[in-house]
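Undergrad: Next one to model:
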Amino acid sequence: MLENICKQAIFEGKKIDLTGCNYGSRDYEFTHQKVDSIDTPCPYYFFLAGLVRSQRLTNILEIGTNWGGSIMSLSRGLHSQDLGKSKLVTVDITYANEEGFKKYPHIKRIHGDALNKKVVKEVTAHFNKDIDLMFIDSAHEYEHVKPCLYIYANMLKPKYIILDDICYNYSMRKLWLELTKEFGNRAFDATEISMREREVGLGIIDWGHATQRYRKYKIYWIKMCSIKTKISNRILTLIPKYAHSIQKHP
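TA: The predicted structure is shown next:
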């Protein structure tokens, strides 16, 4: 079933004009060294747009905006008659390409950490019903993606969830393996069909309605992320003091 949906998505997506939906510039992880700007749509953007078009999706959440190419592509997939009733939200800790987003006033941008309680509240308050699609393309870490997935899926009950970078590293492969065991044939590796690079991968889940057992993740993961953030902030405040102490007492 999902395989056929994905094939239909790429078929429809190739008909959609994604001019201007560029990936933009990005930084290498950890080094923060800029690489050349990618001024064309990524091949898998056509898959995203085609999924929206073929399945008539209108309420969409993206976690991980970057330059905005993916959410813009999702927007291009909307049927013209659905534009007025659609709700598109994207959230990220960075806030790039303000000029490009001026052409998409219907896209709601939220600046902040998707796991911050205030951000979770702001995101979910924007939707007044269950959503059609959640696309997660943020930090490539199990500890970040899993709570994002369960918190928002529990609260917004998406029909479909797309996870980018399922093959990117051990952490993401571990998460995707868990999801495939949990959902069976409702989780599909769409890497090749979506024209995503094999070394990063892309997966789709027919989430349907989140079952009752996922409710515990909402409070648990928010608490855990809050504790983790407090610890990280405390460490950051201690580093300068520690470094000063070393200089003072060699």
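Undergrad: The residue positioned nearest the centre of the chain pairs with what?
TA: Note on the chain: the residue nearest the mean C-alpha position is I136, at 1.9 Å, using Cα atoms, centre = their mean. Applying DSSP bridges to I136 gives these bridge partners: I63, L163.
Undergrad: Which residues are in contact with it?
TA: 62-64, 145, 148-149, 161-164 (Cβ atoms under 8 Å, 6 or more residues apart in numbering). From N, CA and C alone the C-beta is placed, and that goes for glycine too.
Undergrad: Equivalent analysis for R198, please.
TA: 167, 191-192 are the contacts of R198 under Cβ under 8 Å, 6+ apart.
Undergrad: ok so, going back, make JSON lines out of the contacts of I136 and add neighbour count.
TA: Formatted as JSON lines, the contacts of I136 follow (neighbours: other Cβ atoms under 10 Å):
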{"residue": "E62", "neighbour count": "26"}
{"residue": "I63", "neighbour count": "25"}
{"residue": "G64", "neighbour count": "23"}
{"residue": "V145", "neighbour count": "25"}
{"residue": "C148", "neighbour count": "23"}
{"residue": "L149", "neighbour count": "23"}
{"residue": "I161", "neighbour count": "22"}
{"residue": "I162", "neighbour count": "24"}
{"residue": "L163", "neighbour count": "23"}
{"residue": "D164", "neighbour count": "23"}
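Undergrad: Now do the strands in this protein.
TA: Taking DSSP state E, the strands of the chain run over residues 59-63, 87-92, 107-111, 133-136, 160-164, 187-189, 202-206.
Undergrad: Ranking those strands by mean neighbour count, which comes first?
TA: Highest mean neighbour count among the strands of the chain (mean count of other Cβ atoms under 10 Å): strand 59-63, with a mean of 25.
Undergrad: contact partners of it?
TA: By Cβ under 8 Å, 6+ apart, strand 59-63 touches 52, 70-71, 74, 86-92, 114, 123, 127, 129-138, 148, 152, 156, 158.
Undergrad: Repeat the analysis, applying 6 Å as the threshold.
TA: Contact partners of strand 59-63, identified using Cβ atoms under 6 Å, 6 or more residues apart in numbering, comprise 71, 74, 87-91, 114, 127, 131-136, 138, 148.
Undergrad: in the protein, which spans are helices?
TA: Using DSSP state H, the helices of the chain run over residues 2-13, 44-55, 69-76, 98-101, 117-125, 142-156, 170-183, 215-248.
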